[in-house]
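Student: Could you look at this predicted model? Sequence included:
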Amino acid sequence: MNIKALITLLAAFGLHSACGQELDLRCVSESTCDTMLLDEPTPFENHLLGDWCGTRPRLEETGVTPFLYYDSIFAANVDGGLAADDAYTGQIYAGADLDLERMWGWHGTTLKISMVERHGDSVSSAVGGIYDPMCIYGGQVGYLYQLWIEKSFCDDVALKFGRVSADTDFANNGLYRYSLSTAINGPIRAMLLENIITSFPYPVWGGRVKVAPNVRHQIQFGVYQIGDGMWDFTQHGLDFSIRGSDGVSLITQYDWTPEIGGRPARMFLGAVHSFFEFDNFDGVGTTDEFLRLYGHAELELAPDCVAFAFASHSDEDQVAKTPLQISAGINQKGLLPGREEDHTVFFATYGELSDDYGDSIGEEVDGEWVYELGHRIQLCPAFYLQPAIQYIVHPGGTGNIPNSTVLGAWMGASF
């Protein structure tokens, strides 16, 4: 289905502004699109449904900021891997940010509540790699996701607690979110493979304190629940229990945002120290403590062109599936003439597999490489389409699976 047909279908199902303004179908064929509505641009042009006929601004005046997003990825393994396959996966992410200072006079206090519903399938099993080429796949049910409260003190200290995933605040970056692959998108993937933190949309009990004495420096300390139930999607995010067998991950991250050569930059360093009875790959022993270090650096090379790299390492080969992961990427905005809001992206990841893990599956393992090239077409402020190609070298790290080529496209919309 082409984009114009898709927009027409959305309009047919009532996806126009609540005031009855029709979507401007011309935006799908023009080189630029200033607004989704026939009227002049409004502060709510980043939403397909506009201001809900005045409902959205009235809610925001009372302290309630609602949000609704839909994402979907279609991908096909067209060469190599274990088998040819194609799949579609999608998710709804909806909720509200509540300004409790405006609502009830609680100074510097906000509350967030959200839900996620996932559906569809992935080509991951057909590729056979350690990274999923479709980042919004996993736990294909509905969840109560975020339910946390945050309180700010003296403008430079903030305390957050509730139901949350650690990647909301740690080991993550907005530049990662342009990738279709989990090799980049989300928190640093090595941490998820050894179960020391959770990621969107899997909530656990957790909290963090953030101290930002000035605009250049920030440090965060977090404490998060881990355990056997942290990935149990069958509970739909409603299992609020804390079991005696659960463990805890302590996370520290320092952020620095300097200028290098007159260009803005950002760096962060972090450590995850986990306490839990991890099963070793040999199936016999256990490891009670686990430490992983990570770091990220990014630099604006030229206006609207940012390069970044990150790395993560652990010495705990007996429980760390990927002791070392190194990734890098570049994000260029407005590369093509007349497409100033588009993003052209390239990513590369190397994940080294543990020899202990290889022994547990009876294979000699090395590492897996993932390369990705994509272009995010910002058709309108509230709607994008991103075709991409991924090339996976040594899926699974054994060298026994042919290199895989995955073609895909990511669609995202804000309502």
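Tutor: Arrived safely, thanks for sending. Here the structure is a predicted model, which means the values were calculated and not measured.
Student: What separation do you get for Ala409 and Asp288?
Tutor: According to Cβ to Cβ, to the nearest Å, Ala409 stands 45 Å off from Asp288. For the C-beta atoms, the positions are set from N, CA and C on the backbone; glycine is no exception.
Student: Quick check: beta-bridge partners of Asn331?
Tutor: When bridges are called by DSSP bridges, Asn331 pairs up with Val306, Val345.
Student: How many residues are close by Val141?
Tutor: With neighbours defined by other Cβ atoms under 10 Å, the count for Val141 comes to 14.
Student: Oh, that last question was meant for Val345, not what I typed.
Tutor: Neighbour count of Val345, defined by other Cβ under 10 Å: 22.
Student: wait, isn't it in contact with Ile330?
Tutor: Yes. Val345 lies in contact with Ile330 (Cβ atoms under 8 Å); the separation is 7.0 Å.
Student: And the helices in the chain?
Tutor: Secondary structure of the chain (DSSP state H): helices at 3-12, 55-61, 100-104, 124-127, 189-193, 355-361.
Student: List just the one of the ones you listed that sits closest to Val209.
Tutor: The closest of those to Val209 is helix 100-104. By Cβ to Cβ, the value is 18.5 Å.
Student: List the buried residues for the closest one?
Tutor: By 16 or more other Cβ atoms under 10 Å, the buried positions in helix 100-104 come out as Leu100.
Student: name the helices or strands packed onto that helix?
Tutor: strand 109-120 (3 or more Cβ pairs under 8 Å, 6 or more residues apart in numbering; DSSP states H and E).
Student: Please save the CA atoms from the strand it packs on in PDB.
Tutor: Output of strand 109-120 as PDB, limited to C-alpha atoms (Å, rounded to 0.1, in the frame of the first residue of the first chain):
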ATOM      1  CA  THR A 109       6.200  17.100  40.800                       C
ATOM      2  CA  THR A 110       5.100  15.100  37.800                       C
ATOM      3  CA  LEU A 111       3.500  11.800  37.200                       C
ATOM      4  CA  LYS A 112       3.600   9.600  34.100                       C
ATOM      5  CA  ILE A 113       1.300   6.700  33.300                       C
ATOM      6  CA  SER A 114       1.400   4.800  30.000                       C
ATOM      7  CA  MET A 115       0.400   1.600  28.300                       C
ATOM      8  CA  VAL A 116       1.900  -0.400  25.400                       C
ATOM      9  CA  GLU A 117       0.200  -2.900  23.100                       C
ATOM     10  CA  ARG A 118       2.400  -4.900  20.800                       C
ATOM     11  CA  HIS A 119       1.300  -7.300  18.000                       C
ATOM     12  CA  GLY A 120       2.800  -9.100  15.000                       C
END
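Student: for it, which positions count as buried?
Tutor: Of all the residues in strand 109-120, those buried under the rule 16+ other Cβ under 10 Å are Thr109, Thr110, Leu111, Lys112, Ile113, Ser114, Met115, Val116, Glu117, Arg118, Gly120.
Student: State the separation between that strand and the centre of the chain it belongs to.
Tutor: Relative to its chain's centre, strand 109-120 lies at 13 Å (Cα atoms, centre = their mean, to the nearest Å).
Student: which other residues reach that strand?
Tutor: With contact meaning Cβ atoms under 8 Å, 6 or more residues apart in numbering, strand 109-120 is reached by 67, 72, 87-101, 136-152, 200-201, 237.
Student: Stretch 390-400 too?
Tutor: 80-82, 127-131, 133, 180-181, 351, 353, 358, 363-372, 401-406, 408.
Student: Which segments of this protein make up each domain?
Tutor: Per automatic domain parsing, the structural domains of the chain span 1-58, 62-410.
Student: Give me the distance between the two termini of the last one.
Tutor: To tie it back to what came earlier, the one meant is domain 62-410. With Cα to Cα, to the nearest Å as the measure, domain 62-410 spans 35 Å from end to end.
Student: pLDDT (mean, whole number) over it?
Tutor: Domain 62-410 comes out with an average pLDDT of 95.
Student: thinking again about what came up before, of the contacts of strand 109-120, keep whichever come out buried.
Tutor: Neighbour counting with 16+ other Cβ under 10 Å marks 72, 87, 89-95, 97-100, 136-140, 142-152, 200-201, 237 as buried within these.
Student: Show the buried residues in the contacts of stretch 390-400.
Tutor: 80-82, 127-131, 133, 180-181, 351, 353, 358, 365, 367-370, 372, 401, 404-406, 408.
Student: Those in strands, which ones?
Tutor: Among these, the members falling in strands (DSSP state E) are Gly351, Gly367, Glu368, Trp369, Val370, Glu372, Ser404, Thr405, Val406, Gly408.
Student: my read: the first one touches Ala320, true?
Tutor: Right, the one you point to is Gly351. No. With contacts counted by Cβ under 8 Å, Gly351 stays clear of Ala320, the gap being 11.0 Å.
Student: Next, show the common contact partners of those two.
Tutor: With Cβ under 8 Å, 6+ apart, Gly351 and Ala320 have common neighbours Ala190.
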